[in-house]
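Visitor: Sharing a model prediction with you, sequence too.
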Amino acid sequence: LRLLKGTLETIHIESCHVRGRFMDLSGFPHLKRLNLRYTNVAGDIRDIIFGRNDFPALQYLALPKTVYGGIGYEFRRISDVPSVMHALHLLLQHTPTLSLFGHYEFDNEDFL
């Protein structure tokens, strides 16, 4: 993919045994759509930093549950929620048209 870094606009890898870190794609300047659902990609949604110009053209983001804060990520403690929600808020504040695909599940009695 590095060979296409300057031109690639869409990455859609779904239901594959792909591994790596989603942030390895953060420097692709024209990447508009990133869909890595149902892969084994790892990382943390809170690693996106706008001063570093991560994902500058992104319009759609779908990350797997193996990413901290990804689709279907299960929070273990209620104290984990604010930092992820803050990161998502910053994403939307930086790019108001960004489409975030996903939902969050809570599996701890702390949430009841």
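Guide: Now that the structure is in, tell me what you want to look at.

Visitor: Just give the number of residues close to residue 26.
Guide: Counted with other C-beta atoms under 10 Å, the burial measure for residue 26 works out to 19 neighbours. For glycine as for every other residue, the C-beta is placed from the backbone atoms N, C-alpha and C.

Visitor: my bad, should have said residue 99
Guide: The criterion is other C-beta under 10 Å. On that basis, residue 99 has 12 neighbouring residues.

Visitor: Quick check: phi and psi at the residue lying closest to it once chain neighbours are set aside.
Guide: What sits nearest to residue 99 in space, not counting adjacent residues and going by C-beta to C-beta, 6 or more residues apart in numbering, is residue 60, at 4.6 Å. Backbone geometry at residue 60, expressed as degrees, to the nearest 10, gives phi -140, psi 130.

Visitor: tell me the contacts of residue 60?
Guide: Contacts for residue 60 (C-beta atoms under 8 Å, 6 or more residues apart in numbering) come out as 32-35, 98-99, 101.

Visitor: hey, what's it bridged with?
Guide: Here residue 60 sits in beta bridges with residue 33, residue 99, as judged by DSSP bridges.

Visitor: Compute the distance between it and residue 50, please.
Guide: The spacing between residue 60 and residue 50, counted by C-beta to C-beta, to the nearest Å, is 17 Å.

Visitor: Same check on residue 74?
Guide: Spatial separation of residue 74 from residue 50 under the definition C-beta to C-beta is 27 Å.

Visitor: swap in residue 90?
Guide: Taking C-beta to C-beta as the measure, residue 90 and residue 50 are separated by 7 Å.

Visitor: again, but for residue 78
Guide: 27 Å.

Visitor: Same check on residue 36?
Guide: Residue 36 sits 20 Å away from residue 50 when distances are taken as C-beta to C-beta.

Visitor: quick one: which of those two has more around it?
Guide: residue 36 (25 against 13).
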